[in-house]
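S.K.: Structure here, sequence nowhere to be found:
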């Protein structure tokens, strides 16, 4: 029977991802089959989880997904593996100002499934105060069970002694400070897994550290069996076509791995192509999907990819094209890099975006489609999220794609663009299914 455990922390930047990868690597070295899940909307950490386990990493989100969809995701993740480790996003109790269970908080997931929580406490810059933090987290919500603590960034024997003395919770390991295992970051999070060529050695080092500094037997014992009664549903977001041309490289990588997995299971064929390698979408495809990513770091190469540009224009004359976030930027007329240099993009839509004039957009989004589109008929409602630093500098003259609300229902006006067969928006749809407004 598959078991489950959540790795969480009081805040972002505490070392959750490093600890999660260390556990995955160490348990896999022991011969266990392991899989990871991530709470909340995230593409980057799950790519590392997938590399560490060899299996796609799905997301659990209590705001974007209905209860049955959550049950299905956990049940699917547990099939054929010994242990599922769920990494929380942000702090354990961080989410929207909505009732518990639908806030998008990791605590919603822990409470719903009775997942024991392994708390990672970054002890840098403090001593006995870690005990008060741990105690507060353990007692905050009786529906959430904090079963153990890992102290991270311990600097010395004396530092460890002070922290240990203050803890009332079960201490299951002490991660000593180690600059060699830091994960490099950029503006949207970690540098992508696909951009690193050292992951095998990196995971090996993390497994060594976990074996030396964590009580792996006690951590496994902390996990609990996944309920056999969990619902196993179908595809959460139906494939947009039988054959889908999918942009897939360092500039376009933000597609949920389990979404692609479910599209294939539903009978769709995904035909990847690389705009950075100057490839055009496969002409056999019925639609083209440009996901988010980091086009702002590759604007010059994209502007010079003439075969890609010509292929996209040819494709869009007869078939639908959808762009999200980075795809929205590239489908526009121009993109300004951080240094202020402007590059011609596809021009299938008329807006302009800039990474030089930055403004962070972050939060959940609910979108109602204003017209029939690749994603569904007019009135279809999607839930998703927005996270980017680029901004629209010229709105262009295209029709709007959707009307948006934030996660708490506040109207944000219309957004996105559509023209002919092409549509795009800055927010990213979550694979949680959709509904048509009656």
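M.R.: The structure has been received and is ready for your questions. Owing to the predicted nature of the structure, the values given are computational and were not obtained by experimental measurement.
S.K.: Okay, now the unreliable bits of this structure?
M.R.: Under the criterion pLDDT under 70, the flagged ranges of the chain are 182-197, 228-236, 430-438.
S.K.: all helices of it, in order?
M.R.: When secondary structure is read from DSSP state H, the chain shows helices at 16-29, 44-53, 67-78, 106-113, 129-140, 157-166, 199-213, 216-222, 257-265, 299-304, 306-316, 326-331.
S.K.: list the buried ones in the longest one?
M.R.: It refers to helix 199-213. Within helix 199-213, the residues that qualify as buried are 202-203, 205-207, 209-210, 213, counting by 16 or more other Cβ atoms under 10 Å. Any C-beta I mention is one placed from the backbone N, CA and C, and that applies to glycine too.
S.K.: do stretch 412-424 as well
M.R.: Buried residues in stretch 412-424, counting neighbours by 16+ other Cβ under 10 Å, are found at 415-419, 421-424.
S.K.: Please apply the same query to stretch 384-396.
M.R.: Within stretch 384-396, the residues scored as buried using 16+ other Cβ under 10 Å are 384-393.
S.K.: Next, count neighbours for the closest residue to residue 280 other than its chain neighbours.
M.R.: Here the nearest residue to residue 280 in space, its sequence neighbours aside, is residue 311; by Cβ to Cβ, 6 or more residues apart in numbering that works out to 2.2 Å. By the other Cβ atoms under 10 Å criterion, the neighbourhood of residue 311 contains 21 residues.
S.K.: try residue 106
M.R.: Residue 106: 32 neighbours (other Cβ under 10 Å).
S.K.: surely it meets residue 92?
M.R.: Yes - using Cβ atoms under 8 Å as the test, residue 106 is close enough to residue 92 to be in contact (5.3 Å).
S.K.: Identify the contacts common to the two.
M.R.: Both residue 106 and residue 92 are in contact with residue 8, where contact means Cβ atoms under 8 Å, 6 or more residues apart in numbering.
S.K.: show me where the stretch 301-438 of the chain has strands.
M.R.: In order along the chain, the stretch 301-438 of the chain carries the following strands (DSSP state E, counting those that start in this stretch): 320-324, 334-336, 342-344, 352-354, 361-369, 380-388, 391-394, 402-406, 411-415, 417-419, 422-425, 428-429, 435-436.
S.K.: Could you say which one of these comes nearest to residue 133?
M.R.: In this view, the strands of the stretch 301-438 of the chain are compared for proximity to residue 133 by Cβ to Cβ, and strand 361-369 is the closest at 24.9 Å.
S.K.: Not counting that closest one itself, show me its contacts.
M.R.: Here strand 361-369 makes contact (Cβ under 8 Å, 6+ apart) with 41, 63-64, 96, 104, 375-389, 391, 401-407, 409, 412, 415, 425-427, 429, 437.
S.K.: list the buried ones in it?
M.R.: Neighbour-count burial for strand 361-369, counted by 16+ other Cβ under 10 Å, picks out 361, 363-367, 369.
S.K.: And for stretch 215-231?
M.R.: 215-216, 219-220, 222-224, 226, 230.
S.K.: what's in contact with it?
M.R.: Contacting residues not belonging to stretch 215-231 are listed as 1-5, 23, 26-27, 30, 68, 71-72, 74-75, 78, 83-84, 113-116, 118, 147-148, 170, 172-173, 210 [Cβ under 8 Å, 6+ apart].
S.K.: at 7 Å instead, please
M.R.: Contact with stretch 215-231 is made by 1-5, 23, 26, 68, 71-72, 74-75, 78, 83-84, 114-116, 118, 147-148, 172-173, 210, as judged by Cβ atoms under 7 Å, 6 or more residues apart in numbering.
S.K.: likewise stretch 250-262?
M.R.: Stretch 250-262 has contacts (Cβ under 7 Å, 6+ apart) with 43, 46, 50, 56-59, 192, 194-195, 235-237, 246, 270, 275-276, 290-295, 298, 302, 325-327, 428, 431.
S.K.: Outline the domain layout of the chain.
M.R.: Domain assignment for the chain by automatic domain parsing gives 3-225, 243-436.
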